[in-house]
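Trainee: need the 3D shape of this:
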Amino acid sequence: MTTIYVDADACPVKAEVERVATRLDIPVVLVCNGGIRPPTNPLISLRIVPGGPDVADQWIAAQCGSGDVVITGDIPLADRCVKAGAHVLQHDGQELNAANIGPRLATRDLMQDIRAADPFHQGGGRPFSKADRSQFLQSLDRVARLAMQGK
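Mentor: Predicted coordinates:
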């Protein structure tokens, strides 16, 4: 059975996940360190993990598997979930898979090294847009249907 796992701390698309999950009748697990109101939708459960670095990531990686969908912006978590056979989506709807996770990890590590070497080069991503939200909805619908079919 397909489950959608959401790395819920600072996730901007929880409402969109609920919409798609309700339409497709897929259970969702929101995983966080706390601070999220318990959902009223019976398909959605809240898993609060102890505080600490990467505790939520470790829990998600240990639970997900083939046929599941993981929503995260964390590239190392995405890598672990892809290796476990899960479908992985970022908040902007980009799918991470075996073909593209390696270069994404390398870029992340390079940027981390650049920021560490030059504290004034902090960068920063572009703002989350309505187009990102729309792309996420379309991608989640497509990926969830594939996961439900075992593809």
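
Trainee: isn't V82 up against N97?
Mentor: Yes. In this structure, V82 is within contact of N97 by C-beta atoms under 8 Å, at 6.0 Å. Where C-beta positions appear, they are placed from N, C-alpha and C, glycine not excepted.

Trainee: overlap in contacts of these two?
Mentor: Taking C-beta atoms under 8 Å, 6 or more residues apart in numbering as the contact definition, V82 and N97 share the neighbouring residues V88.

Trainee: looking at those two, which one has more neighbours?
Mentor: V82 (22 against 12; other C-beta atoms under 10 Å).

Trainee: can you tell me how far that one is from R104?
Mentor: Counting by C-beta to C-beta, to the nearest Å, the gap from V82 to R104 is 10 Å.

Trainee: and for the two, which residues touch both?
Mentor: The overlap between the contact sets of V82 and R104 (C-beta under 8 Å, 6+ apart) consists of L96.

Trainee: for the residue nearest to A61 when sequence neighbours are not counted, identify the helix or strand it belongs to.
Mentor: What sits nearest to A61 in space, not counting adjacent residues and going by C-beta to C-beta, 6 or more residues apart in numbering, is R80, at 4.1 Å. In this assignment (DSSP states H and E), R80 forms part of helix 75-83.
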